[in-house]
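In: Kindly return the folded structure for what I paste below:
(chains A, B and C)
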Amino acid sequence: MEQRYIWEKANSFEPVHIFECGQCFRWNKEEDGSYTGIFRNNVVNVKKENNKVIFEGICEDDIENVCKEYFDLDTDYDMIKQKLSNIDEYLKASIEYGSGIRILNQDLWETIISFIISANNNIPRIKGIIERISKKYGNKIMFRGREYYTFPDMNALGKASVEDLRALGLGFRDKRIYETTKMFLNKEITLEELKEEEDTSILRDKLMTLSGVGGKVADCIMLFSLKKYDVFPIDVWVRRVMNELYIKEADENKVSKKLIQKMAKEKYEDLAGLAQQYLFYWKREA
DNA sequence: GCGCAGGGGGTCG
DNA sequence: CGACCCCCTGCG
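Out: Next up is the predicted model:
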């Protein structure tokens, strides 16, 4: 049954910023400018009107609780933006540009698999692959006359052979997804131990034991599903913007990740991950 | 028009 | 440091 929740005083909430800043792959724009997406066992439509956000959808639990958790509504982004804006003029400009960005609290399993798929790939194709995986191995939920498919849990995805995955267009990532899924099914590693690990560097090392997870993907997983707001995932865009703003090396590819990490830590401290999102969105869209 | 490099939110050997 | 699967883009 469809539920509704209205969140008032939504200063720091802009659907287009949240869903187009690269953190998620399962939200799509509707004709009226709202977005519909699926997360865990919920299908929700999100619409901003004036200073309110309207959430409507099919949820397994009370929609208010579900959305508060997923959209991190209890975190004070006005304060975060204030702090970051004071760091320098670039960050201030990027925050004005992406003023409604929020980091979603995404499902760990889905985030691990999704970002393994993201390696050397582009967003439309990543979205297509995840959609096909979900359609084949997930569960159907009907919402407003349309079919949506949940992201399959590890047992469901474990039924896929490497060939099955290849047929879904994963390319060379098929083996990585297969192996990582098997590692979880064999309990060589568990979602619980990852969620409980508080030390960011130990957590990073554990994630990197997974097939297809290197440093960048590990950082994305920690930032987007484990609330590690201090990590700073470095991809080509972030490298570009950091070099352009601060380092100014003629050839950006010569700038080491280590140097970028060090600068991010010095400048942004425990909010580096959030700074990364504003800078990334600003540079990529503008 | 069509064919062919070039490259995409990296990882692995 | 090059290859990797696939798809889309830009150029000739």
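In: what about the one residue in chain A that gets nearest to DNA strand B, helix or strand, and which?
Out: Residue of chain A nearest DNA strand B, by C-beta to the nearest atom of the strand: residue A:22 (2.0 Å). (Glycine included, C-beta is placed from N, CA and C.) Assessed by DSSP states H and E, residue A:22 sits outside every helix and strand.
In: can you pull the contacts of it?
Out: A:123, A:277, A:280, A:281, A:284 (C-beta atoms under 8 Å, 6 or more residues apart in numbering).
In: With residue A:81 instead?
Out: Taking C-beta under 8 Å, 6+ apart as the test, what residue A:81 contacts is A:12, A:95, A:99.
In: List only those of those residues flagged as buried.
Out: A:12, A:95, A:99 (16 or more other C-beta atoms under 10 Å).
In: where along the stretch 151-286 of chain A do the helices fall?
Out: For the stretch 151-286 of chain A, applying DSSP state H, counting those that start in this stretch gives helices covering A:154-157, A:162-167, A:174-185, A:191-196, A:200-207, A:215-225, A:236-242, A:257-268, A:272-285.
In: would you list those in CSV and tack on mean pLDDT?
Out: Supplementary listing: these in CSV, determined by pLDDT from 0 to 100:
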stretch, mean pLDDT
helix A:154-157, 98
helix A:162-167, 95
helix A:174-185, 98
helix A:191-196, 98
helix A:200-207, 97
helix A:215-225, 97
helix A:236-242, 89
helix A:257-268, 94
helix A:272-285, 91
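In: Same list (those helices) but as CSV, adding distance to DNA strand B.
Out: Output for the helices of the stretch 151-286 of chain A, formatted as CSV (distance: least, C-beta to the nearest atom of the strand, whole Å):
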stretch, distance to DNA strand B
helix A:154-157, 17
helix A:162-167, 14
helix A:174-185, 6
helix A:191-196, 16
helix A:200-207, 9
helix A:215-225, 3
helix A:236-242, 5
helix A:257-268, 9
helix A:272-285, 7
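In: and of those, who's closest to residue A:87?
Out: helix A:257-268 (6.0 Å; C-beta to C-beta).
In: just to revisit the earlier point, export the contacts of residue A:81 to TSV and append columns for pLDDT, distance to DNA strand B and secondary structure.
Out: Below are those laid out as TSV (pLDDT from 0 to 100; distance: C-beta to the nearest atom of the strand, whole Å; DSSP: H, G, I helix; E, B strand; the rest coil):
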residue	pLDDT	distance to DNA strand B	secondary structure
A:12	95	19	coil
A:95	96	18	helix
A:99	96	18	coil
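In: how near is the closest residue to residue A:48 other than its chain neighbours to residue A:134?
Out: Of all residues not flanking residue A:48 in the chain, residue A:15 sits nearest, at 5.6 Å (C-beta to C-beta, 6 or more residues apart in numbering). For residue A:15, the distance to residue A:134 equals 21 Å [C-beta to C-beta, to the nearest Å].
In: Please spell out which residues along the helix-or-strand element of chain A with minimal mean pLDDT are buried.
Out: The helix or strand of chain A with the poorest confidence is helix A:236-242; it has a mean of 89 (mean pLDDT, DSSP states H and E). Within helix A:236-242, the residues that qualify as buried are A:237, A:238, A:239, A:240, A:241, A:242, counting by 16+ other C-beta under 10 Å.
In: what do you get for stretch A:136-143?
Out: Going by 16+ other C-beta under 10 Å, stretch A:136-143 has these buried residues: A:136, A:137, A:138, A:141, A:143.
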